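**Student:** My questions are about this predicted structure, shown below with the sequence.
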Amino acid sequence: MRQTFWKCNAEGCDDTQIYRHKGLCRNCTEYSAAGEVITPQPRIRVNGDGSSHQKIDVVSRGRPITRAEQTQVARNQAYHAKVQTKIRKARQAMVAEGIDPKEAAQAILDQTQISHGCADPECADPTCTTDFEGVEIGESIITEEE
């Protein structure tokens, strides 16, 4: 469990020490002659450096995760770990061959920008020369020989 810290936050209090127990501020709390508390001044919770503590509310899910969902999450994590391993090994092979992986990636991006061969009819590239005159439904793509 994390350590909690406490400090007096009253106006004009000279006590700047951070305590490890809650209690009352000895300087700000007023006591009677018999030693009873007249006006208590409790300490507030702070972080280890003395800054004010912000409580984090934990939001819970509406329902628990099912076994099938756990299996799917585990499969996704395993797949992504496998992909990351392949990427890492490819980068290591490139470095071993003396190729800078960042430069190679930039060269691939530049090449795809020059001749991207997109299939998107709403391509934003002004140099795109791909013609998207579609084929009517039912129209033959291959010319028929007569």
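**Tutor:** Cool, got the structure. Numbers count the residues shown, from 1 in each chain.

**Student:** burial count for residue 39?
**Tutor:** Number of residues near residue 39 (other CB atoms under 10 Å) recorded here: 9. For every residue, glycine as well, the C-beta is placed using N, CA and C.

**Student:** residue contacts, it?
**Tutor:** Residue 39 is in contact with 29-30, counting by CB atoms under 8 Å, 6 or more residues apart in numbering.

**Student:** List the beta-bridge partners for it.
**Tutor:** The partner list for residue 39 in beta bridges (DSSP bridges) reads residue 30.

**Student:** mind checking how far it is from residue 10?
**Tutor:** Residue 39 sits 11 Å away from residue 10, going by CB to CB, to the nearest Å.

**Student:** With residue 40 instead?
**Tutor:** Taken as CB to CB, the span from residue 40 to residue 10 is 11 Å.

**Student:** Okay, and residue 104 sits in which element?
**Tutor:** Per DSSP states H and E, residue 104 falls inside helix 101-114.

**Student:** Could you count how many residues lie near residue 110?
**Tutor:** Residues within reach of residue 110, counting by other CB under 10 Å, total 9.

**Student:** Also residue 20?
**Tutor:** Applying other CB under 10 Å, we find 9 residues neighbouring residue 20.

**Student:** Quick check, pLDDT for it.
**Tutor:** We have a pLDDT of 89 for residue 20.

**Student:** Which strands and helices lie in contact with the longest helix seen in the chain?
**Tutor:** In the chain, taking DSSP state H as the definition, the longest helix is helix 67-96. Packing partners of helix 67-96 (3 or more CB pairs under 8 Å, 6 or more residues apart in numbering; DSSP states H and E): helix 101-114.

**Student:** Could you pull up the residues touching residue 53?
**Tutor:** Taking CB under 8 Å, 6+ apart as the criterion, residue 53 is in contact with 5, 44-47.

**Student:** now for these, which pair is the farthest apart?
**Tutor:** Greatest spacing in those, by CB to CB: 44 and 47 (11.2 Å).

**Student:** okay, and for this protein, where does confidence drop off?
**Tutor:** For the chain, the stretches flagged by pLDDT under 70 are 1, 109, 111-146.

**Student:** That's all I had, so thanks and see you.
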